[in-house]
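Undergrad: From the sequence below, what's the structure:
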Amino acid sequence: MARILLIETSTAVLSVALAQDGVVVASRECHEPRLQASLTAPLVKEVLDSQGLKVADCDAICVGKGPGSYTGLRVGVSTAKGLAFGAGLPLLAVGSLDVLVAGAREILSASGLGMTNDIPGERNSVIPSEASVSHIVPMIDARRMEVYTAVFSPSGEQLTPVEAKIIGPESFAEYLEQGPVVFIGDGALKCREVITHPNARFVEAWPLAANMAALAQKAYDEGRFEDLAYFEPFYLKDFVATVSRKSILPGA
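TA: Numbers count the residues shown, from 1 in each chain. Predicted coordinates for the structure are as follows:
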């Protein structure tokens, strides 16, 4: 087993955690957007300081590799690579959708048949138990009606490739016909007015470092270490820079 530092920056929520033998012993989160660049390193220090440890006391660094925010992923991966290189530690990476699914499975295993998604009066607000769910669909917001997504079984097995998908009324219809489907992520709630099937359940959540522990430990045990020199985030889509209209207006 191992002590692994966990870093997740693929969405607006920044999180850092420390796992010992697959169990989280410390964690920090920041829900303020666009602070990954300034707060990732301080949160790493807070987590380690809380346990009286330094980076070199860890056995590995694990980072959420995406898909997700281009800037967030660059910050997280760069930080993880720098820490791993400086301390001579191996680098691990896990998919951010897998992290969402791990969080969903925790919710489902604890929910029974009465947990709600904290949206009083919303359609399909009751979250089913893990035993009654047919599929889990993590969704990371990719702007407008597009999400980064894939379909997973209730046990966490990935069933379809990760894709950038534009959501419409018939999206995931074949899975919804099989039973309750949990759509989870920061891209899930915007889809609830489009996906109206009675078996659809929507949960707003984020991939969090605290949900990476088991995934990271498995990668460590299997020796799935990344190449520090060549590892890059899983962007899925090319970064598109935009120019402020103010900069092109006459007299600007």
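
Undergrad: C-alpha only now, for contacts and for neighbours.
TA: Will do.

Undergrad: and the helix or strand where residue 41 lies, which residues are buried?
TA: Assigned by DSSP states H and E, residue 41 belongs to helix 36-50. Within helix 36-50, the residues scored as buried using 16 or more other Cα atoms under 10 Å are 36, 40-41, 43-44, 46-48.

Undergrad: Among those, which one sits closest to residue 234?
TA: Distance to residue 234 across the buried residues of helix 36-50 (Cα to Cα) is lowest for residue 36, with 17.4 Å.

Undergrad: Would you quantify the distance from the closest one to residue 108?
TA: 29 Å (Cα to Cα, to the nearest Å).

Undergrad: So what touches the helix holding residue 41?
TA: 9, 14-18, 26-29, 54-55, 72, 75-76, 79 (Cα atoms under 8 Å, 6 or more residues apart in numbering).

Undergrad: go again using 10 Å as the cut-off
TA: 5-18, 25-30, 52-55, 57-58, 71-76, 79-80, 83 (Cα atoms under 10 Å, 6 or more residues apart in numbering).

Undergrad: excluding its backbone neighbours, what's nearest the residue positioned nearest the centre of the chain?
TA: The centre of the chain sits closest to residue 207, judged by Cα atoms, centre = their mean, with a distance of 2.5 Å. Spatially, and ignoring its direct neighbours in sequence, residue 207 is nearest to residue 100 (4.7 Å; Cα to Cα, 6 or more residues apart in numbering).

Undergrad: Do I have it right that the one you found meets residue 187?
TA: No. Counting by Cα atoms under 10 Å, residue 100 sits too far from residue 187 to count as a contact (11.4 Å).

Undergrad: shared neighbours, those two?
TA: 138-140, 205-206.

Undergrad: now, which of the residues you listed sits nearest residue 224?
TA: residue 138 (23.4 Å).

Undergrad: Can you tell me what sits against stretch 176-183?
TA: Residues outside stretch 176-183 that contact it (Cα under 10 Å, 6+ apart): 101, 104-105, 108, 124, 127-130, 132-139, 149, 151-154, 170, 172, 175, 188-189, 191-192, 195, 197-205.

Undergrad: Repeat the analysis, applying 6 Å as the threshold.
TA: 133-138, 199-202 (Cα atoms under 6 Å, 6 or more residues apart in numbering).

Undergrad: got it, and stretch 209-217?
TA: 6-8, 15-17, 19, 22, 99, 102-103.

Undergrad: Which parts of the stretch 1-150 of the chain are strands?
TA: 3-8, 14-20, 23-30, 60-64, 91-94, 115-116, 126-127, 135-141, 146-149 (DSSP state E, counting those that start in this stretch).
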